[in-house]
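Novice: Got a sequence here, can you build the structure:
(one chain, ligands or ions: 1)
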Amino acid sequence: MKMRKQAWLLLLLTAFTGVSCSYSQPGSAATTKKPAMTDNKTNPVYNRQDSSKVNISEDEWKKILPADVYYIARQKGTERPWTSKFENFKEVGTYYCAACGNALFKSDTKFESGCGWPSFYEPISKGAIIYTPDHSHGMTRTEVQCGRCKAHLGHVFDDGPPPTGLRYCINGVILDFEKAKAAEKKAGYDKPAKQEPGE
Ligand SMILES: [Zn+2]
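Specialist: Residues are numbered from 1 along each chain as shown. Presented below is the predicted three-dimensional model:
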């Protein structure tokens with residue numbers, strides 16, 4: 001009987017230690033907010049002027065890209081449909097690769113495809129994009145990648161509108177947008193342009 005009592009005591013003690021253990025980690029980092037890596041200061045290859053090819057290791061990419069961009073660009077992920085802010089976006093300007101800054105599409109080739117991802121009918125230039133046959137998921141598709149850094153962008157299908165008949169179905173996460181200043185003036189908007197302080 002004595003043995004049994006000891007065993008119980010041991011059990012109780014273990015249980016108690018277990019509890020006290022989990023309590024000994026006060027508020028485990030729940031309050032520390034990670035800084036959002038939305039700027040490109042942490043990405044040394046991002047450059048909208050430099051067209052030279054980017055060839056760095058996957059480890060490097062993982063270090064310099066935000067997790068969501070890395071997942072699409074390097075792991076060929078797909079964002080959930082209807083989640084991109086660019087899906088119904090109508091501003092005039094240029095779309096760049098979010099991984100390297102390469103110009104990819106102009107806003108005037110963007111159209112509403114209804115497929116849930118930002119869609120374009122033509123890239124900004126021939127070299128902007130690389131085409132690769134993709135036989136994954138039991139389908140035959142054409143993958144489109146950034147011509148500068150080979151980031152996965154999405155796929156191109158032949159059910160797009162004229163003049164090309166193509167539909168570039170692109171993950172919004174891998175797009176960076178810059179509003180065209182010249183286009184705003186050219187379009188002859190009489191609305192007073194937003195004044196940037198210090199400009
Ligand atoms: Zn790129």
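Novice: my read: Lys179 touches Gly93, true?
Specialist: Yes - counting by Cβ atoms under 8 Å, Gly93 is a contact partner of Lys179 at 4.3 Å. (Each C-beta comes from the backbone N, C-alpha and C, glycine too.)
Novice: More neighbours: these two, which one.
Specialist: Neighbours were counted for Lys179 and for Gly93 using other Cβ atoms under 10 Å; Gly93 has more, 18 against 11.
Novice: burial of Tyr131, as a residue count?
Specialist: When neighbours are counted by other Cβ under 10 Å, Tyr131 comes out with 12.
Novice: ditto for the one 4 residues further on
Specialist: A count of nearby residues for His135, using other Cβ under 10 Å, gives 9.
Novice: which residues does Thr132 contact?
Specialist: For Thr132, the contacting residues are Thr142, Glu143, Val144, Gln145, by Cβ atoms under 8 Å, 6 or more residues apart in numbering.
Novice: Looking at those residues, state which has the most neighbours.
Specialist: Counting by other Cβ under 10 Å, top hit in the contacts of Thr132: Val144 with 24 neighbours.
Novice: I'd assumed that residue was in a strand, is it?
Specialist: Yes - per DSSP: H, G, I helix; E, B strand; the rest coil, Val144 lies within a strand segment.
Novice: how about the residues of the chain near the ion?
Specialist: Cys97, Ala99, Cys100, Asn102, Cys146, Arg148, Cys149, Ala151 (Cβ under 5 Å from the ion).
Novice: As TSV, those residues with secondary structure and distance to Phe120 would be great.
Specialist: Formatted as TSV, the residues of the chain next to the ion follow (DSSP: H, G, I helix; E, B strand; the rest coil; distance: Cβ to Cβ, whole Å):
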residue	secondary structure	distance to Phe120
Cys97	strand	13
Ala99	coil	18
Cys100	coil	18
Asn102	coil	14
Cys146	strand	14
Arg148	coil	17
Cys149	coil	19
Ala151	coil	16
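Novice: Nearest to Ser136 among these?
Specialist: Ala151 (16.8 Å; Cβ to Cβ).
Novice: shouldn't Thr164 be in contact with Glu122?
Specialist: Yes - between Thr164 and Glu122 a contact is recorded at 5.1 Å, counting by Cβ under 8 Å.
Novice: For the residues of the chain next to the ion, give me TSV that also has distance to Ser113 and pLDDT.
Specialist: Formatted as TSV, the residues of the chain next to the ion follow (distance: Cβ to Cβ, whole Å; pLDDT from 0 to 100):
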residue	distance to Ser113	pLDDT
Cys97	20	98
Ala99	23	98
Cys100	25	98
Asn102	23	98
Cys146	20	98
Arg148	25	98
Cys149	25	98
Ala151	21	98
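Novice: Nearest residue to Thr140 in space, please, no chain neighbours.
Specialist: In this structure, Thr140 finds its nearest non-sequential neighbour in Pro133, 7.2 Å apart by Cβ to Cβ, 6 or more residues apart in numbering.
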